[in-house]
Structures are given as structure tokens and as C-alpha cells.
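Participant: pasting the structure only:
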């Protein structure tokens, strides 16, 4: 019974495949893997926009949207209708083809990365040998789409936004990948399915998730911060900083193309959250052995929603970085910490089981953290800023 | 030749030609990126996952973005003068012919031309990783050293500009 | 010396308190869902000026004597008054002009209350009405005498304290005027009602 519920989607797919002639089986199998992804995650996007606006409202002593439908639950429908019915404006100076292509590329790339995320037991679209590599390799194309959008709009704010976005994405991609590499190193595999399998066991009630180990915790936090920066969310939302460059690279987009950018941004957020779950939070495994009756896909989505809530919470709390602070934080804190964490994970892997390796791994992370943190604090005392070009 | 190969090959070749002949610099960069990702897809089609994804990561994620960034930082949309494409036609032809000659020579001597193809080597990501960490560890470290040196050099150049002010 | 990231945790704690507190404490959910609920008006709230009249006839009872002081004092010059040709008696029994037209452009008005400060006749006061949206952004915001007139009862209702002061001032003025004219001349017509008439 529990197993049936756990495998309900896998079984459903097999049932649907039965009547299909063998010649068409690969195509139908691919479609049956892809179409649910294309439906579930945009649905989650709609839900998240609502939850985000409600949550931010509560954080800011407001009610949030409460007009459309009971408690405002139909707000995403209203938003969708609004963007669909708006005029599609292309600036006269824009490069029309690239202007059109940018949001399409962005959305395609955002959907592609879901191929390797294991959403449940036996529920992964493609079990690639180099799944983690695929995730990051395809993800980099998003930067190019952002550049295309910013450049093709022929607007200085778009271009500024695109430059900021690319600089930020390059800087934070390094700690993102380096913190993921620790997990790859410890499991010895680039396959997402294998990585989830490696976190399957329990000691008593405590699961063997990588986040439970010192290097894993540090890696998880580094990964989460970099993921926030990669998906351009507050406090790293400089590329679209509404108060500075209006909307950054998608200022010249209206109507449904704007909605596509919005969609891609949230899809990117879900994808990196899913990756964080896969790498550090045990994928679709339940958090305790007595909770294993919960279907694996439900576990995954509960974890995903928890991470989304964390992102919303952070957005409601933290103010935006300044550009130089952003770069400084990445190159002077995140990357050194990610490298130290790599060494820590390597030592963890080489040492025998026992309290020593906990101590060594912990000290190896805590000491640089304290030292780097102190140096950042000392350097960030208030001082009079001098500008190279402006006054 | 399978249909996917034909499509990918045509796309790659067309994009490469576009990268050479389009006039706005940014269009050239984008065509180059299309061409490089076409190559990555060809690798994937041959079953070389690691090479394909590494190609994507390095050539699109790093090289493409680097070119784009350089374009953004240095100049606007200034069109290159037509003249530069015409000059030195004979020299260009010479280079092209010699490159073609080398390629034809290499292909004709390779195993592709022999009637019996050797069995395709099965290289998993794990094997590549093992090879990089054991047999080819010295070249890997040297490449790392070289890149670090280049990085430090560029930082030095950037810092000197700051001190001049 | 504090730990790097400590400030973030502190901030996160505070926002979490806001989030959960908003479900239980009114202090952490200060926003009011507007059309259904309203915040009660504050004592000195003010939006745009209106003209006070006594009695029941909104035009005959206008206190304004068209002295045009407010028109001259108005910083953005949004008041325009045309004096009448004839005169009529004011609340003190004196013969006075009255405004033939009295227009205020509330798209220009900046709610400074200077017109109400300078008026010697307690004739122009500040309203608290804020739902003034209109489909016509020129004519709809250009208010005439008839639209500006509000009864003195309304004034007592929206600003009880200021209205009481104003009534006291007017009662003193009219009794002074009566004393000057003599006991024979009774105040005519539109004497202000006593403070708590209703």
C-alpha cells in the first residue's frame, strides 16, 4: 500500500506506456517524463508567487493580496490574465530577433535542468552519468540569455542590468560549483541518483544527510547563498534593482515575455533548491526512519517548499547589497571558504570514522570562518568612500 | 549518417560561418556560441557525456561569457569597417588551403579510413576522473599553476592601474 | 566583536516574530483592509477646505463675506472668488458682500490650512473627506460654491473641539456687536446655535 503510493506516478507511466507500439515507446516515454515537469513546476511557480506576496506582507505588517477569491488565493490567475492580455512592446531600436529569443532561451534552459533532479524514488527524467555536471553546464546558458535580453533591448538600464547580472553570476558560480564538488568528491559520483542513494541510511533517528556533517553544513550554507545570488533574489537582486535600474535586463519586456522572465527566475530558484536538496538534504529520503511511510515525492516537495519559505524569509529580511560589497563578499569570503571546505571534505573522506575527524573537519571550517569574518568586519568600518569617476 | 547528426552538423557549420561573416560583433559572438553548443551536442551524440558537458560549461559558460563581457566593457555597437574583410585575400586563401591540407592529411592517415573500425572506447566519467588524478596528475597540476599565474598577472595589471591614479 | 552572520540571524528572528505575530497580535498587523475597515479620523486631520454655512440653506447661510483674504494668502493660488454686487446681512447683523462665485481647484490645493487660519469670519474650514476620486481630472477637481458648502453641524461633527472654539468666538463677536448697536437691535436671522445644539 505504502509502496504503491510511493510509486504511483512511476506505475501510472508504465500503465500508459503499455498500449503504445514499441516503435513509439521512446518518444512517448520522454513525453510522459517531460510533460508532468512542465505542468508541476509552473504550477508551483504560481503558488510561490502567492505565498511569497502573502508571506512578505505578514513580515511587513500587511495582509498581502486578499482581494481575488477567498483570502486572495486566485491572485496568480489574475496576474496571469493580466500579463497575457498586455500589449507586447518591442522598442524600435531593439534587435528584434534576439529580443524575442532571450526569454525563450532562458525558459528552455530553466526547464532543461529539471531533467536530472530526482523528484522521488525512481522519479528522474534522465539518470545521467554526469548529472551534476549537466545541471551546472546547462545553467550557465542562462547568463547568455540574460546578456541577450540586456543587449537586444538597446536601453542603458538593460545593459547595466545585464552587466551586473553577468558579473554577479560569474562570481557566484564558482562557490556554487565548489561547494557542490565537495559532495561529488565524497560520493565519488556525478550522478544525482547515486548522490541521493549515498544519503539513504540512518543512525538511530538521525539521517545520514551530508548537511549533518561539518563540511556538509558549511557546503550547504555556501551553496544556498550562492544559489540566492545565481537566481538574482534579494539580497542579491542588484541586476533588477527596482530602485536603481528599474528592472534591469527585462525593463524593455512587456506582456507575456515579461511573464516568461518571471517564470524563468522562479524556475531557476526551484531548480537550485532541488539541487541543494539532492546534494545536501538527502534528496527524497524521509528525515527519520519512522517517517518513511511518507511517499518519497512528497518528502521532496515538502523540503522544496521549506527551502522556498527560507528564501522568502530571507527576502523579507535582508536589504540589497551594494555592487562592491557583492563582489567583495564573493571573492574574499565565499570562494576562500568554499576552497577550505573542499579541503575539509577531502580530510573527512580520508580519515577513519571517529570523533577526530569530526573535530578536524569542524575546526578546519570554523577557524577560517572566524578569521575571515573578523577581517571582513574590521575592513568594513565606516569610511569616506572615494570614487574614481564621480567627484 | 543519422538525421540528428546531419541537423547538428549543418547547424554547427552554419553558425560557424555566421560567426565569421556577420557584421555586428554581438551577433558574431552569439553565432559562435551556437556553433560551440552544436559541437557539444555532437560530442553527446557520440556518447561522450563528460566532454560534451565540459564543452558546454567551459565554452559557453566561460569563454562565451568572457567574450560578451569584453564586448560590453570595451565598445558599443561600432561596426567593423568592411575593408578589413577584403584585405589580404591571397594570404587568407593560403592559410585556408594549408589548414585544409593538414586536416585532409590527418584524416586520411587516421583509423577512420581503415576498413575495420576499432571498438569504441567506453570512457565513463569515473574513468576520466581516475585518469586525471593518477596518470595525468602532473599535467593537470601544471595547467592549474599556469591558470593561477595568469590570474595573478591579471590582478597585478588591474592593481597597477589603481595605483597610478 | 560579533560573529559574521549574527546580524542576519537577528534580523531573521525579528521578521519571523513579525510573521507569526501578525496572526495573533494587532500590533504586528497594523494595516487595515481599507474599504471594509477604516481607521477612525484623527482630531486634527485635514484634507481640503470647505465653506461653512449656518441654518438650512446652503447658499443663503454661507458665512463667507467675499473679503478675498484667503484668495490672496493661498500659496498655490487655488482659490478664486468673485464678489457679489449687492449686500446681505451676516450673523452679526452687519451688511456684507457675499461670494458670487467661490471656486477651489483641489488638484492645486496643498492642504496647508492657511485659508482657514487667515479667515476672520470662521467661514472656511478644512474637511476630512478623502474619497475624492473622479473620472474628470479637470472639471471634477474644480469645486464650486455649491459643492464646497457644508453645514456648521457637519463642522461640529468632524472637528468638535475646533468647532466649539469657533462657535465661542462667534458668539462673543456677535454679543459685542449687539452691545454696540444697543439692546433694541436684536441679532438678525442666522445667529450661531449654542455649542451643543444637537
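Facilitator: That came in fine, so what should we check first? Please read all numbers here as calculations on a predicted model, not as lab measurements.

Participant: For the rest of this, base every contact and every neighbour count on C-alpha atoms.
Facilitator: Noted.

Participant: Now do stretch A:229-246: distance from first to last residue.
Facilitator: End-to-end distance of stretch A:229-246 (C-alpha to C-alpha, to the nearest Å): 19 Å.

Participant: Oops, could you answer that again for stretch A:284-296 instead?
Facilitator: Per C-alpha to C-alpha, stretch A:284-296 runs 5 Å from first to last residue.

Participant: tell me which residues in that stretch are buried?
Facilitator: Under the neighbour-count criterion of 16 or more other C-alpha atoms under 10 Å in any protein chain shown, stretch A:284-296 has A:284-287, A:289, A:295-296 buried.

Participant: How about residues contacting it?
Facilitator: Stretch A:284-296 is contacted by residues A:2-3, A:5-7, A:118-121, A:196, A:199-200, A:202, A:205-207, A:278, A:297-300 when judged by C-alpha atoms under 8 Å, 6 or more residues apart in numbering or on different chains.

Participant: let's see 6 Å
Facilitator: A:6, A:120-121, A:205, A:299-300 (C-alpha atoms under 6 Å, 6 or more residues apart in numbering or on different chains).

Participant: and those residues near chain C, which?
Facilitator: With the criterion set as C-alpha under 6 Å from any C-alpha of the partner chain, no member of the contacts of stretch A:284-296 is near chain C.

Participant: Got a ChimeraX select line for the buried ones in the residues you listed?
Facilitator: The buried residues among the contacts of stretch A:284-296 can be selected in ChimeraX (16+ other C-alpha under 10 Å) with this line:
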select /A:6,120,121,299,300
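
Participant: Smallest gap between chain C and chain B, at which residue?
Facilitator: Scanning chain C for proximity to chain B using C-alpha to the nearest C-alpha identifies residue C:4 as nearest, at 27.0 Å.

Participant: Can you give me the separation between that residue and residue A:334?
Facilitator: Distance of residue C:4 to residue A:334, computed by C-alpha to C-alpha: 12 Å.

Participant: Of the two, which one has the most company?
Facilitator: Using other C-alpha atoms under 10 Å in any protein chain shown as the criterion, residue C:4 and residue A:334 rank with residue A:334 on top: 25 against 17.

Participant: Grab the nearest non-local neighbour of that one.
Facilitator: Excluding its sequence neighbours, the residue lying closest to residue A:334 (C-alpha to C-alpha, 6 or more residues apart in numbering or on different chains) is residue A:175, at 6.0 Å.

Participant: Burial check on that neighbour, number of neighbours?
Facilitator: For residue A:175, using other C-alpha under 10 Å, the count is 26.

Participant: Touching, the residue of chain C closest to chain B and residue A:375? I think so.
Facilitator: No. Using C-alpha atoms under 6 Å as the test, residue C:4 is too far from residue A:375 to be in contact (9.9 Å).

Participant: ok so residue C:125 is a helix residue?
Facilitator: No. Counting by DSSP: H, G, I helix; E, B strand; the rest coil, residue C:125 falls outside a helix, being strand.

Participant: For it, give me its contacts.
Facilitator: Shown in contact with residue C:125 (C-alpha under 6 Å, 6+ apart): C:49-50, C:116.

Participant: Determine the set of other helices and strands touching the host helix or strand of residue A:182.
Facilitator: Using DSSP states H and E, residue A:182 sits within helix A:156-187. For helix A:156-187, the packing partners by 3 or more C-alpha pairs under 6 Å, 6 or more residues apart in numbering or on different chains; DSSP states H and E come out as helix A:141-152, helix A:214-230, helix A:335-350.

Participant: So for residue C:138, which of those sits nearest?
Facilitator: Among those, the nearest to residue C:138 by C-alpha to C-alpha is helix A:141-152 (40.2 Å).

Participant: Tell me which other helices or strands the closest one touches.
Facilitator: Helix A:141-152 packs on helix A:96-112, helix A:156-187, going by 3+ C-alpha pairs under 6 Å, 6+ apart.

Participant: now it: mean pLDDT?
Facilitator: Taken as a whole, helix A:141-152 has an average pLDDT of 85.

Participant: what angle do it and helix A:214-230 make?
Facilitator: Counting by axes from the mean of the first three to the mean of the last three C-alpha atoms, to 10 degrees, helix A:141-152 lies at 20 degrees to helix A:214-230.

Participant: Now do residue A:384, the pLDDT please.
Facilitator: pLDDT at residue A:384 comes out at 67.

Participant: just to revisit the earlier point, may I see the helices and strands packed on helix A:141-152 arranged in CSV, with mean pLDDT and distance to residue C:67 as well?
Facilitator: Putting the helices and strands packed on helix A:141-152 into CSV (pLDDT from 0 to 100; distance: least, C-alpha to C-alpha, whole Å) gives the following:
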stretch, mean pLDDT, distance to residue C:67
helix A:96-112, 88, 64
helix A:156-187, 87, 55
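
Participant: between those helices, which one is nearest to residue A:260?
Facilitator: Distance to residue A:260, taken as C-alpha to C-alpha, is lowest for helix A:96-112 among those, at 6.0 Å.

Participant: Tell me which residues are up against the lengthiest helix in chain C.
Facilitator: Secondary structure assigned by DSSP state H gives helix C:160-181 as the longest helix of chain C. Residues from elsewhere that reach helix C:160-181, judged by C-alpha under 6 Å, 6+ apart: C:92, C:156.

Participant: Quick one: mean pLDDT for it?
Facilitator: 85.

Participant: Show me which residues of that helix are buried.
Facilitator: Within helix C:160-181, the residues that count as buried by 16+ other C-alpha under 10 Å are C:160, C:163-164, C:166-167, C:170-171, C:174, C:177-178.

Participant: May I see the buried residues of stretch C:85-104?
Facilitator: Quick answer for stretch C:85-104 (16+ other C-alpha under 10 Å): C:90-93, C:96-99, C:102-104.

Participant: go on, stretch C:24-44?
Facilitator: In stretch C:24-44, counting by 16+ other C-alpha under 10 Å, buried: C:28-29, C:31.

Participant: now those in a markdown table, with distance to chain B?
Facilitator: Below are the buried residues of stretch C:24-44 laid out as a markdown table (distance: C-alpha to the nearest C-alpha, whole Å):
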| residue | distance to chain B |
| --- | --- |
| C:28 | 46 |
| C:29 | 46 |
| C:31 | 45 |
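
Participant: nearest to residue C:126, of these?
Facilitator: After measuring the buried residues of stretch C:24-44 against residue C:126 - C-alpha to C-alpha - the closest member comes out as residue C:31, at 25.8 Å.

Participant: and the closest one, what is it in contact with?
Facilitator: Counted by C-alpha under 6 Å, 6+ apart, residue C:31 has contacts residue A:62.

Participant: now swap in residue A:320 and tell me
Facilitator: Neighbouring residues of residue A:320 by C-alpha under 6 Å, 6+ apart: residue A:235.
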